[in-house]
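Asker: From the sequence below, what's the structure:
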Amino acid sequence: MSKRISKKEKQEIALNKIKKLFTEASNQSKKNLSLSTRYVDIARKMAMKVNLRIPRELKRRFCKHCYHYLVPGKNCRVRIHKNKVIYYCADCKKYMRYMLTTKDQ
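Answerer: Below you'll find the predicted structure:
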């Protein structure tokens, strides 16, 4: 008999695969940016399939609008303005804004 895999185990396996895909995307970003974008697409679909949130540090590496892998200096501009980090995607010409948090507490 085959062993059934629980939802938590599926999510853990998917999270490990997603992290691996993002490391491969960062390695390929110097050579082939379209391959990096494809890795992001696969990772997003995998997360949606098992109902898993992509971690914050990985979520900020791709555009929320066109889902392209962002490389600062190549296809992305990063600015800080009034306690916000602003990413500008050069592919779709849209902005993503993230709040800067302070660790004073």
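
Asker: When you work out contacts or count neighbours from here on, use the C-alpha atoms and nothing else.
Answerer: Noted.

Asker: just the strands in this structure please.
Answerer: Here the chain has its strands, by DSSP state E, at 76-80, 84-89, 95-99.

Asker: Next, format these as CSV and append mean pLDDT.
Answerer: Shown next, in CSV, are the strands of the chain (pLDDT from 0 to 100):
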stretch, mean pLDDT
strand 76-80, 95
strand 84-89, 96
strand 95-99, 94
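
Asker: which of those strands is buried the deepest?
Answerer: Highest mean neighbour count of the strands of the chain: strand 84-89, a mean of 19 (counted as mean count of other CA atoms under 10 Å).

Asker: which other helices and strands contact it?
Answerer: strand 76-80, strand 95-99 (3 or more CA pairs under 8 Å, 6 or more residues apart in numbering; DSSP states H and E).

Asker: Give me the contact list for it.
Answerer: Strand 84-89 is contacted by residues 63, 70, 75-80, 94-100 when judged by CA atoms under 8 Å, 6 or more residues apart in numbering.

Asker: What pairs with it, parallel or antiparallel?
Answerer: strand 76-80 (antiparallel), strand 95-99 (antiparallel) (DSSP bridges).

Asker: Residue 10: which of those strands is closest?
Answerer: strand 95-99 (29.8 Å; CA to CA).

Asker: contacting residues around that closest one?
Answerer: 63, 64, 83, 84, 85, 86, 87, 88, 89.

Asker: how far does it sit from the chain's center?
Answerer: Its chain's C-alpha centre and that of strand 95-99 lie 14 Å apart, by CA atoms, centre = their mean, to the nearest Å.

Asker: low pLDDT regions in the protein?
Answerer: Within the chain, the segments meeting pLDDT under 70 span 1-2, 103-105.

Asker: Could you name the helices and strands sitting against the lengthiest helix in the chain?
Answerer: Criterion DSSP state H: the longest helix present in the chain is helix 7-28. With contacts taken as 3+ CA pairs under 8 Å, 6+ apart, helix 7-28 sits against helix 33-49.

Asker: Quick check: buried residues in the helix it packs on?
Answerer: Within helix 33-49, the residues scored as buried using 16 or more other CA atoms under 10 Å are 33, 36, 37, 38, 39, 40, 41, 42, 43, 44, 46, 47.
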